[in-house]
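Participant: Sequence first, predicted coordinates after that:
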Amino acid sequence: MNPVQQAVVWLNDPLNWTNPGGVLDRVGEHLSMSVAAVLLGCLVAWPVGLWLGHSGRGGGAVVLISNLTLSIPTLALLTILPLTFLGFGRPAVVVALAVFAVPPLLANAYTGVRQADPEARDAARGMGLSGWQVLRRVELPLAVPYLAAGFRTAAVQVVATAALASFVNGGGLGQIIRAGFGLDIAAGGGQIIAGGVLVAGLALAAEGLLALVERVVTPRPLRRTRRVANRRAADATAGN
Amino acid sequence: MSFHLSYRAEPGNPWFSWQYVRDNSDTILAALREHASLTGRAVLLAALVALPLAVVAYWYRRLAGPILALTGVLYTIPSLALFAFIAPYLGIGAVTVLTVVVLYALLVIVRNAVAGLNQVPPEVRDAAEGMGYGRWARLFRIDLPLALPGILTGVRLATVSTVALVTVGVVIGRGGLGQLIFAGFQNNFYKAQIMTGTLLCVLLALVLDLILAGVGRLLTPWLRSRPR
């Protein structure tokens, strides 16, 4: 039997899905981990990015943070953070994943506010809006396509990266692949490929779903900027 | 003989130790060498595949969409899944790591190269045509040199992310510096080893990026005198 046939057999064994530590458990872990990490990332990156964009300062810092996190291996953060005060377990993994969600979120929030039409900003000022009101009522709505694009990029990246949590026994679908490699290629080839299919499928599903969400939350007049935002978002990130 | 078994004796596991670096310089250098050579070969291979693809996408506009979409899908697939697909066929070894890493670097270079080529001003293209340049001559003497900044940006991004990505190779025991980090984690959470591996990774990315930036400056002297 070649590895692909083995994978089909593995995926068709109901026990592989319902056992403790089976696919269903792992999907749950994977998703809860990813959601927590993305939310944490948003909580940190969006306020900072929006404020930096509003005040027009810190563009260099945004680029620096993106480039720096690009060069830090995921594996390093996953192994270092449990040894700090965070301790072993879920929190350390979530923080590690959130760190990699920050650059796309931050860069897009920053660019989103920066690209707001200066005339709209001036008009708002002229109407007597305070700096805070300008940010909330003018710049923030105009930045929505960028925020959505950044969210999608970050979320897909986190779902993809969460597979690596298995290196530190952090759970998630990666665990299935790791267990397969633990069995040796000849015996575990099917399980390895099955795990790969599941991980890749989840990432692609997340990408598709979020593309849809992005389309829905973007007001019609801003749909054209959305495409630009997408390109920007893709440029702002690389590597997972 | 007295034993100190106190839990608080932190000096037993510092975050960094020169002692460790000195005692294990052989292992560390071997890992660094493997990492650097994997990265170098991967980026070179990726550039060799990506540039023709970018040129095809530039010449035949109808192929640009599919090429970018295909590399985009490849990029969305998590690295661990890609290892899972490839390892059962190519086995446990450097070839597998190389294949995975090349596939990722591909997208970054293709996308930036296409962007660079599309930025060649149409007047310049028309002028070249008017001067009787054929398709190939124009490519090598007009389009590619003018797209060089975009291409180099792609190569630099690809290099930095490749350095980080090679560490995922630990899943098949060929992770370069990742091997160091992972072994440190498994050997009773030896912080000094984990930290050394991490720092060397970041440093390697930084050095390679600086080298490529320097090469870029040398290759595009006309950009230097341009006023800001």
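Facilitator: That came through fine.
Participant: quick one, phi psi at residue B:176?
Facilitator: The phi/psi pair for residue B:176 (degrees, to the nearest 10) reads phi 60, psi -120.
Participant: got a list of what it touches?
Facilitator: Residue B:176 makes contacts with B:31, B:32, B:34, B:35, B:36, B:38, B:166, B:167, B:169, as judged by CB atoms under 8 Å, 6 or more residues apart in numbering or on different chains. Using the backbone N, CA and C atoms, a C-beta is placed for each residue, glycine as well.
Participant: May I see the ChimeraX selection of the buried members of those residues?
Facilitator: A single ChimeraX command selects the buried members of the contacts of residue B:176 (16 or more other CB atoms under 10 Å in any protein chain shown):
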select /B:31,32,34,35,36,38,166,167,169
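Participant: ok, residue B:147 - contacts?
Facilitator: Residue B:147 is in contact with B:113, B:116, B:117, B:119, B:120, counting by CB under 8 Å, 6+ apart.
Participant: Give me the buried entries from the residues you listed.
Facilitator: B:113, B:116, B:117, B:120.
Participant: check those against chain A, which are close?
Facilitator: Subset of the buried ones among the contacts of residue B:147 in contact with chain A: empty, counting by CB under 8 Å from any CB of the partner chain.
Participant: Any buried residues in the helix or strand where residue A:32 lies, and which?
Facilitator: Assigned by DSSP states H and E, residue A:32 falls within helix A:23-55. Of all the residues in helix A:23-55, those buried under the rule 16+ other CB under 10 Å are A:23, A:25-26, A:29-31, A:33-34, A:36-38, A:40-42, A:44-46, A:48-50, A:52-54.
Participant: what does whichever helix or strand comes after that helix contact?
Facilitator: Moving toward the C-terminus from helix A:23-55, the next helix or strand (DSSP H and E) is helix A:59-71. Contact with helix A:59-71 is made by A:49, A:52, A:99-100, A:102-103, A:106-107, A:110, A:114, A:236-239, B:157, B:160-161, B:163-164, B:201-202, B:205-206, B:209, as judged by CB under 8 Å, 6+ apart.
Participant: Can you check what angle separates helix A:59-71 from helix A:23-55?
Facilitator: Using axes from the mean of the first three to the mean of the last three CA atoms, to 10 degrees, the direction of helix A:59-71 lies 160 degrees away from that of helix A:23-55.
Participant: residues of helix A:59-71 that come out buried?
Facilitator: For helix A:59-71, a neighbour-count test (16+ other CB under 10 Å) marks A:62, A:65, A:66, A:67, A:69, A:70, A:71 as buried.
Participant: Could you tell me how far stretch B:85-94 lies from the centre of the chain?
Facilitator: Mean-position distance between stretch B:85-94 and its chain equals 20 Å (CA atoms, centre = their mean, to the nearest Å).
Participant: what's the span of that stretch from first residue to last?
Facilitator: End-to-end distance of stretch B:85-94 (CA to CA, to the nearest Å): 15 Å.
Participant: buried set for it?
Facilitator: For stretch B:85-94, burial by neighbour count (16+ other CB under 10 Å) applies to B:85, B:86, B:87, B:88, B:90, B:92, B:94.
Participant: Could you pull up the contacting residues of residue A:173?
Facilitator: Residue A:173 makes contact with A:23, A:26, A:27, A:30, A:162, A:163, A:166, A:195, A:198, A:199, A:202 under the criterion CB under 8 Å, 6+ apart.
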